[in-house]
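Undergrad: coords below, sequence missing:
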RNA sequence: GGAUCGGUAGUUCAGUUGGUUAGAAUGCUGCCCUGUCACGGCAGAGGUCGCGAGUUCGAGUCUCGUCCGGUCCGCCA
């Protein structure tokens, strides 16, 4: 027996007990003939005290940080208690100890606030995971996992595993490809999600399915994106959108309650895609704060006329003019406004500039374009923007899409600066009524906004069946009937992050074929790639729909971090490399030959 | 595919206008220390300034290229 207790559990009440602990040496503090050792394991840190004899013994062995030792001794209450650790009231008066394993000096300190840089910690991830913050993150992930499993199990969902070696499909992200040795010149693909399999399970009658499952997408990475990531993947039969939303509101509420002790009261608010774009410039609004986007070029307002009467071409000639009113920022200095202007001019934002109006406390307005408008007109702007005295109104003008994206980013930046994005506040939102299709300029065709299995709203089905997907007038693709078809799709948004998304699926063969056709997938290709699904739809497919949550992202938000890597035991860097095992790497010539692969 | 920031001691960083022997903190090693818990004190070791060219009397510093890492845009149904 290596231990009778862990390093996190002994308290003053245990005084007098003879115990054995095993763990890693966190630090050694030596005072001549007495030595203190902080012994660490997964559960905590306990102080060991070594007398003169044992101090000599451990010195002889040159024991240091991260050595693994076993210590036997008596628990005793400390004279100097340490309130910073849970076991701070006691210490172990060691009677004997044993070195279980030596350790090299670690390349960085194994403490909460480590001195190690990112790449070093990635390379020695197994050491980084000894640190308490990382350990807590993995524990949080497990708690979320467990809460999800419990909730879904209680609701009669069945967890079913689906294959990882599947076939490549058109549409969507780039696939990871796996060569098949037994089938020369053929390849598997790793699943971007278990989408079609879960639909087939619905056809099989498993009317409530879930799976906590790895998905793979070979696209460029970000702090919140890994090539392999985990979804809580769910599907239900005999449901409408309302049923799905209700069921999974329950899931996220249950997770928040179990993991953070937060009870969300009432239904999760809903917002249409159109309103989200209009009010936030974004399909995943951060609703922790207001600062809504106002369109100064809206028809039917006096403001358009004001604009047109002036000679301010920056506004007049722009496709759109969008503004936000930043509370209490009228005091911004020239330096601060200049800095914002530079910020919007960065290539990633790409605006030509930024106009602003300071709505001063005394009711006067001072703008960066004073000479084009009368003070009254500026005040009218401010009122239209819903500004209070003391606000700073930031205005961007330019091309529709770029300006919308820019004002959205600017809003988030200002929200951040004003401290309105509290990481301990969790705001949930359903975004609904997404368009079914998006226009792909490059190929002049329609692509699925969600995926090709998403059903159109019932009232839009007719428009899809009756009209050809062909776009004749590229300039005015928005006039095409497909542009206004709405999808039975929904996203769950938390604090400005999409944490889940799903849809009611197509379950009729004809409509699914029409969908493939709309996306430019020919009959032959559809048969070859999705024949199994179309076949299944011939044998009594029930109406069904579902959702998938991004587990990594949920973890990072609940854990108050911007990076999902902190919540993945062995993550990859932004080039998709595992810096610890140094993958990917080359393979032996023999392996390639077996696979019939010749490298270019 | 593009933008941007970084790479100097084991580690985290500083390094002035291009100028003599490249510094600090921490870690490491040795000695001292009986109540520390970020222990303390003294001493010491530790550097291919990512790599390669170039400019220059002289490059950690300037230029070009390249590799590696971070963040972002495109991309991610």
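TA: Thanks, I have it. All figures in this text were calculated on a predicted structure; none of them were measured in a lab.
Undergrad: And the residue in chain A that RNA strand B sits nearest to, what's its pLDDT?
TA: Nearest to RNA strand B, among the residues of chain A, is residue A:32, at 1.9 Å (Cβ to the nearest atom of the strand). C-beta coordinates here come from the backbone N, C-alpha and C atoms, glycine included. Residue A:32 carries a pLDDT score of 89 in this model.
Undergrad: For residue A:73, see how far away it is.
TA: 20 Å (Cβ to Cβ, to the nearest Å).
Undergrad: So for the two, which sits in the more crowded spot?
TA: Counted by other Cβ atoms under 10 Å, residue A:32 and residue A:73 do not tie: residue A:73 has more neighbours, with 21 against 7.
Undergrad: Tell me which residues touch residue A:158, please.
TA: If a contact means Cβ atoms under 8 Å, 6 or more residues apart in numbering, then residue A:158 has A:206, A:208-210 as its contacts.
Undergrad: out of those residues, which is most surrounded?
TA: Neighbours here mean other Cβ under 10 Å. Within the contacts of residue A:158, the largest count is held by residue A:210, at 27 neighbours.
Undergrad: SS state for that one?
TA: Put simply, residue A:210 is strand when judged by DSSP: H, G, I helix; E, B strand; the rest coil.
Undergrad: Quick check, pLDDT for it.
TA: 98.
Undergrad: who's in contact with it?
TA: Counting by Cβ under 8 Å, 6+ apart, residue A:210 touches A:148, A:152, A:157-159, A:232-235.
Undergrad: who does it bridge with?
TA: Beta-bridge partners for residue A:210, by DSSP bridges, are residue A:159, residue A:234.
Undergrad: do the top helix by length along chain A and RNA strand B meet at all?
TA: Ordering each helix of chain A by length in residues (DSSP state H) puts helix A:132-154 first. No - counting by Cβ under 7 Å from any atom of the strand, RNA strand B is not contacted by helix A:132-154; separation bottoms out at 13.1 Å.
Undergrad: Show me how far that helix is from its chain's centre.
TA: The chain centre lies 16 Å from the centre of helix A:132-154; the measure is Cα atoms, centre = their mean, to the nearest Å.
Undergrad: pLDDT (mean, whole number) over it?
TA: Confidence for helix A:132-154, expressed as mean pLDDT, is 96.
Undergrad: ditto for stretch A:415-426
TA: pLDDT averaged over stretch A:415-426 gives 91.
Undergrad: Can you name the residues in contact with that stretch?
TA: Under the criterion Cβ under 8 Å, 6+ apart, residues A:256, A:260, A:262, A:264, A:286, A:288-289, A:291, A:326-329, A:412, A:494-496, A:557-558, A:560 lie in contact with stretch A:415-426.
Undergrad: Just the buried residues out of the contacts of residue A:210, in PyMOL syntax.
TA: Buried subset of those, written as a PyMOL selection, criterion 16 or more other Cβ atoms under 10 Å:
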select buried, chain A and resi 148+152+157+232+233+234+235
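Undergrad: ok, and for stretch A:456-468, which residues are buried?
TA: Of the residues in stretch A:456-468, A:456-457, A:460-461, A:463-464 count as buried by neighbour count, 16+ other Cβ under 10 Å.
Undergrad: for the record, mean pLDDT for that stretch?
TA: So the average pLDDT for stretch A:456-468 ends up being 93.
Undergrad: when you scan it, is anything in it near RNA strand B?
TA: No - against RNA strand B, stretch A:456-468 shows no contacts by Cβ under 7 Å from any atom of the strand, the least distance being 13.8 Å.
Undergrad: What score does the nearest residue to residue A:527 once chain neighbours are set aside have for pLDDT?
TA: Excluding its sequence neighbours, the residue lying closest to residue A:527 (Cβ to Cβ, 6 or more residues apart in numbering) is residue A:534, at 7.1 Å. We have a pLDDT of 96 for residue A:534.
Undergrad: okay but residue A:534 is in contact with residue A:509, surely?
TA: Yes - with contact defined as Cβ atoms under 8 Å, residue A:534 and residue A:509 form a contacting pair (5.5 Å).
Undergrad: Briefly note if stretch A:2-20 comes near RNA strand B.
TA: No - counting by Cβ under 7 Å from any atom of the strand, RNA strand B has no neighbours in stretch A:2-20; the shortest distance is 12.6 Å.
Undergrad: At which residues are the strands of the stretch 51-200 of chain A located?
TA: Taking DSSP state E, counting those that start in this stretch as the test, the strands found in the stretch 51-200 of chain A are A:68-77, A:90-101, A:158-159, A:177-179, A:187-189.
Undergrad: Tell me how many other residues crowd the closest residue to residue A:287 other than its chain neighbours.
TA: Closest residue to residue A:287 apart from its sequence neighbours, by Cβ to Cβ, 6+ apart: residue A:427 at 4.7 Å. Neighbourhood size, residue A:427 [other Cβ under 10 Å]: 18.
Undergrad: What are the phi and psi values at residue A:427?
TA: Dihedral pair for residue A:427: phi -100, psi 120, per degrees, to the nearest 10.
Undergrad: That one against residue A:285, yeah?
TA: No - using Cβ under 8 Å, residue A:427 is not in contact with residue A:285, being 9.3 Å away.
Undergrad: quick one on the thing from earlier: residues in contact with the residue nearest to residue A:527?
TA: Applying Cβ under 8 Å, 6+ apart to residue A:534 gives the contacts A:509, A:512-513, A:526-527.
Undergrad: Provide the secondary structure category for it.
TA: The three-state assignment at residue A:534 reads helix, by three-state DSSP.
Undergrad: ditto for residue A:265
TA: Recorded secondary structure, residue A:265: coil (three-state DSSP).
Undergrad: separation between it and residue A:414?
TA: Per Cβ to Cβ, residue A:265 is found 28 Å from residue A:414.
Undergrad: neighbour count winner among these two?
TA: Between residue A:265 and residue A:414, residue A:414 has the larger neighbour count (other Cβ under 10 Å), namely 20 against 5.
Undergrad: Wait, the more buried one touches residue A:328, no?
TA: No - if you go by Cβ under 8 Å, residue A:414 and residue A:328 don't touch, sitting 10.7 Å apart.
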